[in-house]
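1. please find the sequence and the predicted model below.
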Amino acid sequence: MGTQRSSRLGVLLSVGLALLLGGSVPFAKERAAEPKGQLVIAVDFPITPAWFDPAETPAITSPFVFLYALHDALLKPLPRRVMAPALAESWTESKDGLEYEFKVRGGVSFVNGDPFTAEDVKFSFERYKGANAALLREKVKTVEVVGPLRVRFRLKEPWPDFLAYYGTPATGAAWVVPKRYVEEVGEEGFQKHPIGLGPYKFVRFQPGVELVVEANERYWRKVPQVKRLIFKGVPDHSTRLAMVKTGEADISYGMSGPQTSEVLRDPRLRLAKALPAVVGFLGFPEQFDPQSPWHDQRVRMAAAHAVDMQAISDAERLGMAPPTGSIVSRELAFALPFKPYPYKPEQAKRLLAEAGYPNGFDAGDLTPVPPQFSLGEAVINYLAAAGIKTRLRVMERAPFFTAWREKKLKGVIVGPAAMMGNAATRIEAFAVSGGYYAAGGYPDIDALFREQASEGDRLKREILLHEIQRRIHDRVMFAPIYDVAVLHAVGPRVEEPAVGITPLLFFPAPYEAMRLKE
């Protein structure tokens with residue numbers, strides 16, 4: 001098999017990576033003092049045990065908040081690198097693009113003492129059933145253990161996006177669980193008490209409310225400096241802010257609107273900003289229904305012109321979230337940037353009249369991703385001013401994503417485009433028939449997407465992906481709002497929150513980089 005180093009330019013370009021040459025050199029484990037202290041993180045969603053299991057990872061980034069603590073992956077984003085070697089010391093790709101072989105790290109053990117081997121990699125991949133699991137099964141022919149520390153993936157045909165799906169948060173397929181332990185306790189037992197390779201080990205869990213983890217002092221990369229992390233699920237913005245102000249929490253996720261201003265006014269607190277490759281947007285799931293007003297491109301364009309994206313950024317994110325015209329983040333490979341649809345309320349009314357709705361129409365529910373209800377209310381007000389009447393539908397986070405994935409949301413969705421990888425993985429999830437969150441698709445875009453998926457020439461592939469993005473934009477399949485800036489309130493005990501130091505991620509990562517003040 002012809003091989004090449006993991007920093008091979010073709011692979012690097014195809015997934016928008018920034019690996020260093022010589023990436024096959026193992027990390028040297030950093031020496032650290034004994035972990036001390038406790039840090040409380042108030043997250044903006046209820047905590048579900050399914051997110052402790054990499055096999056269940058949906059097409060959102062929230063589960064990685066916990067995967068980064070409890071588990072580890074062959075490849076994952078780390079500071080300054082979109083995809084870095086972790087449990088994989090190195091990997092090679094055959095000249096024909098049909099085989100990827102990984103050399104995994106030796107001398108590493110799960111927190112229960114079980115040794116980590118290539119068998120665990122194969123087992124974890126084969127039990128994976130989360131986002132894009134069907135696509136991975138369709139593309140990967142076999143996974144072979146070729147030695148205790150070597151595993152080989154054979155593809156059915158060349159697939160330029162293998163690493164984009166496998167080695168980034170586009171899926172959880174590269175995250176490794178212990179084969180022996182899972183077989184011993186079963187799937188349900190594993191979710192109740194997960195065992196992993198991460199910097200922290202599971203202690204206890206109160207469903208929806210609290211997860212407690214403690215430092216894994218045998219973690220191969222670096223022993224965490226903070227001994228205990230407590231994650232608390234607190235969907236309400238005001239409650240999370242109050243917790244960090246009183247010291248009940250050290251970091252509170254997802255400040256927006258007036259909460260951000262309150263943080264800035266408090267001299268004891270500070271904001272930590274992350275710019276993950278996430279876009280907030282308006283989705284029109286009924287555009288594929290010929291009987292719906294949203295089927296008319298002019299109606300969708302009217303909605304895009306009716307909303308003042310910059311004003312929403314100013315109100316919700318202190319102006320730190322730049323408005324955009326695409327659901328494909330600028331940071332992703334093969335992205336084609338577009339200017340935002342301009343705020344033109346009078347033109348929005350004219351477009352509605354041209355489409356046959358001079359007095360507007362009732363569009364039903366507007367469902368924002370929880371807990372972004374103030375964002376949803378702002379959008380409702382802008383749409384109403386143009387004549388598009390909607391009503392706020394409040395849901396909890398897990399049911400929201402389930403309903404979206406099952407194509408049960410109607411009206412208008414105010415959602416996040418958070419699928420990682422590259423432009424192709426983002427498009428597949430939201431704009432191609434059968435996509436994880438796609439309510440439908442257009443035959444010409446579907447055909448172009450199939451064509452680019454097997455195109456080995458990077459330039460030709462980029463041309464195809466750019467054309468797809470033009471058609472998505474011209475048809476106003478979505479009305480993008482802004483590139484999401486995630487703002488966290490940080491309390492006075494925290495020296496280093498580790499927020500924003502790793503590309504694509506909105507949460508502290510890696511956790512072993514966090515520090516409390518002495």
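-> Good, I have the coordinates.

2. okay but L332 is in contact with A423, surely?
-> Yes - counting by Cβ atoms under 8 Å, A423 is a contact partner of L332 at 5.3 Å. Glycine gets a C-beta too; all of them are placed from N, C-alpha and C.

3. in contact with K407, which residues are there?
-> P285, A439 (Cβ atoms under 8 Å, 6 or more residues apart in numbering).

4. the same query, at a cut-off of 10 Å, please.
-> P285, Y437, A438, A439, G440 (Cβ atoms under 10 Å, 6 or more residues apart in numbering).

5. cool, K139 as well?
-> N132, F153, L155, K156, E157, P158, W159, D161, F162, Y165, Y166, A453.

6. now the buried members of those residues.
-> N132, F153, L155, W159, D161, F162, Y165, Y166, A453 (16 or more other Cβ atoms under 10 Å).

7. pull the most distant pair out of these.
-> Across the buried ones among the contacts of K139, the longest distance by Cβ to Cβ is 17.2 Å; it joins F153 and A453.

8. phi first, then psi, for A42.
-> Dihedral pair for A42: phi -90, psi 110, per degrees, to the nearest 10.

9. that one and I251: what is the separation?
-> 7 Å (Cβ to Cβ, to the nearest Å).

10. what's the answer for L74, then?
-> 28 Å.

11. distance of the residue lying closest to V209 once chain neighbours are set aside from T425?
-> With sequence-adjacent residues excluded and distances taken as Cβ to Cβ, 6 or more residues apart in numbering, V209 is closest to G233, at 5.5 Å. Distance, G233 to T425, by Cβ to Cβ: 28 Å.

12. just K344 next, same as before
-> Applying Cβ to Cβ, the value for K344 to T425 is 32 Å.

13. the more surrounded of the two?
-> T425 (28 against 17; other Cβ atoms under 10 Å).

14. isn't the more buried one right up against P160?
-> No - using Cβ atoms under 10 Å, T425 is not in contact with P160; the gap is 11.3 Å.

15. could you list the low-confidence segments of the stretch 101-250 of the chain?
-> Counting by pLDDT under 70, the stretch 101-250 of the chain contains no low-confidence range.

16. can you show me the helices along it?
-> 118-127, 133-139, 162-166, 179-192, 237-246 (DSSP state H, counting those that start in this stretch).

17. adding distance to E518, write these out as CSV.
-> What follows is the helices of the stretch 101-250 of the chain, written out as CSV (distance: least, Cβ to Cβ, whole Å):
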stretch, distance to E518
helix 118-127, 38
helix 133-139, 45
helix 162-166, 40
helix 179-192, 37
helix 237-246, 20
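
18. can you list the weak-confidence ranges in the chain?
-> Using pLDDT under 70, the flagged stretches of the chain are 1-32.

19. most centrally placed residue in it?
-> T61 (3.0 Å; Cα atoms, centre = their mean).

20. give the contact list for that residue.
-> 67, 169, 276-278, 416, 418-420, 486, 504-507.

21. circling back: just the contacts of K407 now: which is nearest M243?
-> Using Cβ to Cβ, the contacts of K407 come closest to M243 at Y437, 31.3 Å.

22. these two touch, right, that closest one and I427?
-> No - if you go by Cβ under 10 Å, Y437 and I427 don't touch, sitting 11.4 Å apart.

23. secondary structure element for G319?
-> For G319, there is no enclosing helix or strand under DSSP states H and E.

24. quick one, helices of the stretch 251-400 of the chain?
-> Using DSSP H, counting those that start in this stretch, helices in the stretch 251-400 of the chain cover 258-265, 297-306, 309-317, 345-354, 373-386, 397-405.

25. pick the most deeply packed of those helices.
-> Counting by mean count of other Cβ atoms under 10 Å, helix 297-306 has the highest mean neighbour count of the helices of the stretch 251-400 of the chain, with a mean of 24.

26. that one vs helix 373-386, what angle?
-> Interaxial angle, helix 297-306 versus helix 373-386 (axes from the mean of the first three to the mean of the last three Cα atoms, to 10 degrees): 120 degrees.

27. helix 297-306 packs against which elements?
-> With contacts taken as 3 or more Cβ pairs under 10 Å, 6 or more residues apart in numbering; DSSP states H and E, helix 297-306 sits against strand 279-283, helix 345-354, strand 361-368, helix 373-386, strand 388-392, strand 478-483.

28. please repeat the previous calculation with a cut-off of 7 Å.
-> If contacts are counted by 3 or more Cβ pairs under 7 Å, 6 or more residues apart in numbering; DSSP states H and E, helix 297-306 sits against helix 345-354, helix 373-386, strand 478-483.

29. let me know the angle separating the longest one from helix 258-265.
-> Right, helix 373-386. 130 degrees.

30. how distant is helix 373-386 from the center of its chain?
-> When distances are taken as Cα atoms, centre = their mean, to the nearest Å, helix 373-386 is centred 25 Å away from the chain's centroid.

31. for the shortest one, same thing?
-> If you compare the mean C-alpha spot of strand 478-483 with that of the full chain, they lie 16 Å apart, counting by Cα atoms, centre = their mean.

32. quick one: that strand to helix 297-306, angle?
-> Going by the same axes, to 10 degrees, strand 478-483 makes 20 degrees with helix 297-306.

33. show residues contacting strand 478-483.
-> Defining contact as Cβ atoms under 7 Å, 6 or more residues apart in numbering, one finds that strand 478-483 is touched by 275, 279-283, 300, 303-304, 307, 309, 312-313, 321-327, 329-330, 340-341.

34. good, we can wrap up now.
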